[in-house]
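Participant: the sequence and its predicted three-dimensional model are supplied below.
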Amino acid sequence: MKKRHYIVILFFVLAFLFSGHARGQSYNVLHNKNYQIEARTHYGFFIQPHLELERYKAHFPAYEFSIYRTTFGKKRWERLYNFPLIGLTFYQSDLGGFDELGKVFALYPFINFPMNQDDDHQATFKLGVGVGYLTNKFHNTENYHNFAIGSHINAAINLSFEYRQKLSNRFYLNSSIGLTHFSNGSTRTPNFGINIVSAATGFSFFIKKPNPTIISKLNPKLYLFEFDNKKWLTLDGNFALWMKDITNESEFGTHNYNMVYDLNLNVLAQLSMKGRAGIGFELVQDRSDFVFLQKRDQQNDTVVDYNDIDILKLGVGPVYEMMMDRMSFLFHFGWHITGADQHEGSFYQKLAVRYDLYDNFYLSFGFTTHYVRADYLGIGLGYRFHQKYYLKRK
């Protein structure tokens with residue numbers, strides 16, 4: 001029996017068991033968390049910007065199993081975002097059956113944002129960040145064709161647009177199209193990354209009778225770290241570190257570690273209780289740039305003595321922060337206007353997850369890319385300066 005048949009059978013067995021369990025207990029809105037289970041099948045292909053990965057062309061399936069809950073307005077931010085879905089996804093694929101790539105297993109928490117308020121026909125956007133395990137990685141003698149991944153453990157990121165069709169009070173038909181990315185943030189070379197575009201379909205089932213959404217004229221209690229809906233201007237500073245492994249192709253399998261120092265400064269105006277937007281600046285010193293500059297000089301038969309100032313990259317661009325209680329997501333698109341080495345291009349993208357620790361201090365975990373090419377991760381600490389301002393009366 002094929003693997004996908006096992007997944008479908010497991011899904012319906014669990015649905016049956018939980019259905020019977022739910023009927024045997026009294027319904028209590030205070031204890032029900034609106035949990036759902038879901039099984040889904042993907043079919044997709046690789047998108048690879050590197051010639052070294054052109055050999056991996058295939059269309060292949062993937063499978064996922066998720067457990068999640070539908071928020072119903074118990075907290076303020078749940079109502080602001082149209083009652084998102086929050087959960088955990090297990091993902092598995094054989095990556096086209098290529099022996100060099102092996103199989104991938106991933107586990108990532110996610111949040112799924114509804115884009116409309118119709119429960120019967122709902123479009124959503126899913127954002128998931130977690131960890132992935134690839135069974136095969138690069139080896140300089142045994143697996144030297146795998147330029148995609150240099151480590152077993154990798155970051156897993158999923159971005160997808162989804163459609164949910166209500167079949168009954170507890171059953172939904174789900175479909176999606178999205179991008180799944182695996183990369184180690186250059187902690188091991190090679191690290192071209194794996195990018196999968198796929199379409200998917202599946203079913204979800206409420207374990208218990210779902211809570212109705214809470215629609216009230218009175219807002220829920222305002223908790224610590226939540227915005228008070230007043231006009232604020234925020235100066236946001238963050239410093240992050242990471243370590244990159246940069247090795248020439250002829251030396252893959254060895255390690256050449258270089259530090260990355262990333263200082264970010266954002267000036268943000270509060271737009272609503274959901275988010276703030278503004279302009280972001282970053283100053284990056286990526287010491288692996290010396291490796292690429294030396295390689296370029298060798299190709300051009302030149303000798304240039306670069307210093308630490310030469311490799312500083314000043315970036316600037318728009319930024320938006322999506323706020324949800326103590327956690328927020330920061331999206332930054334920018335251009336590097338300085339820096340001796342820009343072999344990846346001047347345009348960069350940054351996604352960061354932030355979590356408020358105490359007062360205005362927060363912890364950040366960021367991911368910087370150049371188009372679909374992963375560059376580096378970053379773990380850092382930040383601080384926010386808030387300044388109230390008033391609009392002039394006309």
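Facilitator: Sure, I can see it.

Participant: show me what contacts residue 331?
Facilitator: 319-322, 350-351 (Cβ atoms under 8 Å, 6 or more residues apart in numbering). Just so you know, the C-beta spots here come from the backbone N, C-alpha and C atoms, and that holds for glycine as well.

Participant: which residues does the nearest residue in space to residue 38 that is not next to it in sequence contact?
Facilitator: Leaving out its chain neighbours, the residue that sits closest to residue 38 by Cβ to Cβ, 6 or more residues apart in numbering is residue 204, at 3.8 Å. Going by Cβ under 8 Å, 6+ apart, residue 204 touches 36-38, 66, 164, 171-172, 174.

Participant: at 6 Å instead, please
Facilitator: 36, 38, 172, 174 (Cβ atoms under 6 Å, 6 or more residues apart in numbering).

Participant: out of those, list just those in strands.
Facilitator: 36, 38, 172, 174 (DSSP state E).

Participant: make a markdown table out of these and add neighbour count, pLDDT and distance to residue 286.
Facilitator: As requested, the ones in strands among the contacts of residue 204 are exported to a markdown table (neighbours: other Cβ atoms under 10 Å; pLDDT from 0 to 100; distance: Cβ to Cβ, whole Å):
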| residue | neighbour count | pLDDT | distance to residue 286 |
| --- | --- | --- | --- |
| 36 | 22 | 92 | 43 |
| 38 | 19 | 96 | 40 |
| 172 | 20 | 94 | 45 |
| 174 | 19 | 95 | 40 |
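
Participant: now, the most widely separated pair of the residues you listed?
Facilitator: For those, the maximum inter-member distance is 10.0 Å, found between 36 and 174 (Cβ to Cβ).

Participant: just give me the closest of the contacts of residue 204 to residue 387.
Facilitator: Distances from residue 387 to these, taken as Cβ to Cβ, are shortest for residue 36 (42.5 Å).

Participant: confidence-wise, which helix or strand of this protein is lowest on average?
Facilitator: The helix or strand of the chain with the poorest confidence is helix 3-23; it has a mean of 49 (mean pLDDT, DSSP states H and E).

Participant: pretty sure residue 64 is touching residue 41, no?
Facilitator: No. Applying Cβ atoms under 6 Å as the test, residue 64 and residue 41 come out as separate, 8.1 Å apart.

Participant: among these two, which residue is more densely surrounded?
Facilitator: residue 64 (22 against 16; other Cβ atoms under 10 Å).

Participant: backbone phi and psi for the more buried one, please?
Facilitator: phi -140, psi 150 (degrees, to the nearest 10).

Participant: for residue 291, same thing?
Facilitator: Dihedral angles (degrees, to the nearest 10) for residue 291: phi -60, psi -50.

Participant: please name the nearest non-neighbouring residue to residue 330.
Facilitator: residue 352 (4.2 Å).

Participant: isn't the one you found up against residue 329?
Facilitator: No. Shown here, residue 352 and residue 329 do not form a contact pair, counting by Cβ under 6 Å, at 7.3 Å.

Participant: how about residue 335, what does it touch?
Facilitator: 317, 346-347.

Participant: of these, closest to residue 139?
Facilitator: Once Cβ to Cβ is applied, the member of the contacts of residue 335 that ends up nearest residue 139 is residue 347, at 33.3 Å.

Participant: neighbours of that closest one, just the number please.
Facilitator: 14.

Participant: now swap in residue 201 and tell me
Facilitator: Residue 201: 13 neighbours (other Cβ under 10 Å).

Participant: look up phi and psi at residue 72.
Facilitator: phi -130, psi 20.

Participant: any weak-confidence spans in this structure?
Facilitator: Residues of the chain that meet the criterion pLDDT under 70 lie in 1-32, 51-52, 213-231, 247-254, 372, 388-394.

Participant: for it, which strand is longest?
Facilitator: Assigned via DSSP E, the chain shows its longest strand as strand 373-388.

Participant: what's in contact with it?
Facilitator: Outside strand 373-388, the residues that reach it (Cβ under 6 Å, 6+ apart) are 183, 185-186, 193, 232-240, 242, 244, 260, 262, 360-362, 364-369.

Participant: keep only those of the residues you listed that are in strands.
Facilitator: Using DSSP E, the contacts of strand 373-388 in strands are 183, 232-240, 242, 244, 260, 262, 361-362, 364-369.

Participant: wait, a helix at residue 290?
Facilitator: Yes. Judged by DSSP: H, G, I helix; E, B strand; the rest coil, residue 290 forms part of a helix.
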